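1. quick one, structure for this:
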Amino acid sequence: MLIAVYNRTVAHSSEAAPIPDPESVQARWVLGGVDPEELVRWALEQGLSGIALQQIAGLSKPTKAGLANLPERAFAELGLKPIDNERAVDILLASSEPTTCVAISSVLTTFPDFSGRWRQHIQCWGGNPAGAYNDMARFVHFVVDDLYENGNIERVRDAFLLMERLAAADEQDTRDLIGFGFFETLQNVSSWKSYGSKPFEQFLGPVSELLWREIQRMWVGKTSLADVIRTEREDPQ
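-> Alright, predicted model coming up:
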């Protein structure tokens, strides 16, 4: 099962993000999530007018250095003002971007105090979708580093209650995300801490505990993800 989940995660993370409008293009460009060739394709597909846009559209195999200030001029021709990273993230969030799954949307709704790390996450991925497993890993660090280590036990409990509700749903993709995206990542992250993963077991609900124990069983005698995948290939049962 882990092999399929791992392959699906890699494929999901590498999907190209849609570029719906000039404002989103500008935001992703500022954050580094749009490469020069993508910017040229966008300019050609949009058929937009403007001297700078025409110059961009006429380039072959452009580089960021070669574009110089053409993108900024092109955005200005479209009536867009210069923006910084913070404003770029604001623009994407206002248009419900980058897209993510229902489980992560529930996390964002339930934990408004996660917004700081989420904004950093958006910047790290250039405003493009990072994939649900990368999104969930960011939440795990929030739970461990920001909540648990600061003694906010009730909010840690809230996080585990949310994971329990999501894991109890009939959607297999969601269960996989909670199991491998949240619990496995949390076990790995906490393994580097002095307290380990044991303190988090008090927060497990019945469904969560099954997933937790399954992951522990998978890692017995293993030291890396490669070991886990190799064992699963040798014994798919």
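2. next one: the residue sitting furthest away from the middle of the chain from P36, what distance?
-> Note on the chain: the largest C-alpha distance from the chain mean falls to I51, namely 36.1 Å (CA atoms, centre = their mean). The gap separating I51 from P36 is 18 Å, by CB to CB, to the nearest Å. No exception for glycine: its C-beta is placed from N, CA and C like everyone else's.
3. give the contact list for S106.
-> Applying CB atoms under 8 Å, 6 or more residues apart in numbering, we find S106 in contact with 162, 166.
4. after the one helix or strand it maps to, which helix or strand is next?
-> In the assignment (DSSP states H and E), S106 maps to helix 102-110. Where DSSP H and E defines the elements, the next helix or strand beyond helix 102-110 is helix 115-124.
5. check which helices and strands that next one is in contact with.
-> Taking 3 or more CB pairs under 8 Å, 6 or more residues apart in numbering; DSSP states H and E as contact, the helices and strands that helix 115-124 lies on are helix 85-94, helix 132-141.
6. right, and the residue farthest from the centre of the chain touches G58 too?
-> No - with contact defined as CB atoms under 8 Å, I51 does not count as touching G58 (10.8 Å).
7. can you give me the domain boundaries for this protein?
-> 2-10+99-234, 18-88 (automatic domain parsing).
8. export these to JSON lines and tack on mean pLDDT?
-> Below are the domains of the chain laid out as JSON lines (pLDDT from 0 to 100):
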{"stretch": "domain 2-10+99-234", "mean pLDDT": "87"}
{"stretch": "domain 18-88", "mean pLDDT": "86"}
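9. return the residues in contact with the residue lying closest to P206 once chain neighbours are set aside.
-> Spatial nearest neighbour of P206, chain neighbours left out: E164 (7.9 Å); criterion: CB to CB, 6 or more residues apart in numbering. The contact partners of E164, taken as CB under 8 Å, 6+ apart, are 204-208.
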